[in-house]
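> I'd like to go over a predicted model; first the sequence, then the structure.
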Amino acid sequence: GWVSLHMHNVTDVEQGSDFFYLNTGSPHYIEYVDDAKAVDVFEAGKAVRYNDRFAAEGTNVNFVEVANGGLKVRTYERGVEDETLSCGTGVTAAAITASIKGLVPEQLCKIETLGGNLQVRLTQTSDQQFEDIWLEGPATFVFKGEVEL
């Protein structure tokens, strides 16, 4: 099966010298890298998440590589405090920054994560306005459990 999730509109994207920061339902720090596979996501992510600016509230940290006509994304997730296989709000945030950078063809961004391949469709209505954002991907059966009561 195929699943499409309607995501929050985004109206404010901070662009720093080497990062983006935005909220797609949870806060995301985006850093573009040459080789996502080479990043030590735990150490590099932890350094950003616990820096002076973000320590109190925390932020998710995404390392994004432009590859294969789309993006590769690896995510350090606050709360988990480690790398996760895939993060929907992080993938969405990465697609939005790719749109700002002019990397996304026709509002469709294909994204590879450790957990699988996803895509984001969106409409950029102004510099920092994004609407009609859809996170899409395959629905996969991953777990069956029984609990005895």
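That came in fine, so what should we check first?

> For Ala47, give me the backbone phi and psi.
Torsion angles at Ala47 (phi, psi; degrees, to the nearest 10) stand at phi -60, psi -40.

> Would you mind measuring from it to Tyr76?
Taking C-beta to C-beta, to the nearest Å as the measure, Ala47 falls 9 Å from Tyr76. Where C-beta positions appear, they are placed from N, C-alpha and C, glycine not excepted.

> quick one, helices of the chain?
41-49, 88-100 (DSSP state H).

> which of these sits most buried?
Across the helices of the chain, averaging neighbours per residue (mean count of other C-beta atoms under 10 Å) puts helix 88-100 on top, at a mean of 25.

> Could you export that one as CSV, keeping only the C-alpha atoms?
What follows is helix 88-100, C-alpha atoms only, in CSV (Å, rounded to 0.1, in the frame of the first residue of the first chain):
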residue,chain,number,x,y,z
GLY,A,88,8.7,12.2,8.6
THR,A,89,8.9,15.7,9.9
GLY,A,90,12.6,15.7,9.2
VAL,A,91,12.2,14.5,5.6
THR,A,92,9.5,17.2,5.1
ALA,A,93,11.9,19.8,6.5
ALA,A,94,14.7,18.7,4.2
ALA,A,95,12.3,18.9,1.1
ILE,A,96,11.3,22.4,2.1
THR,A,97,15.0,23.6,2.3
ALA,A,98,15.7,21.8,-1.0
SER,A,99,12.8,23.8,-2.6
ILE,A,100,14.3,27.1,-1.2
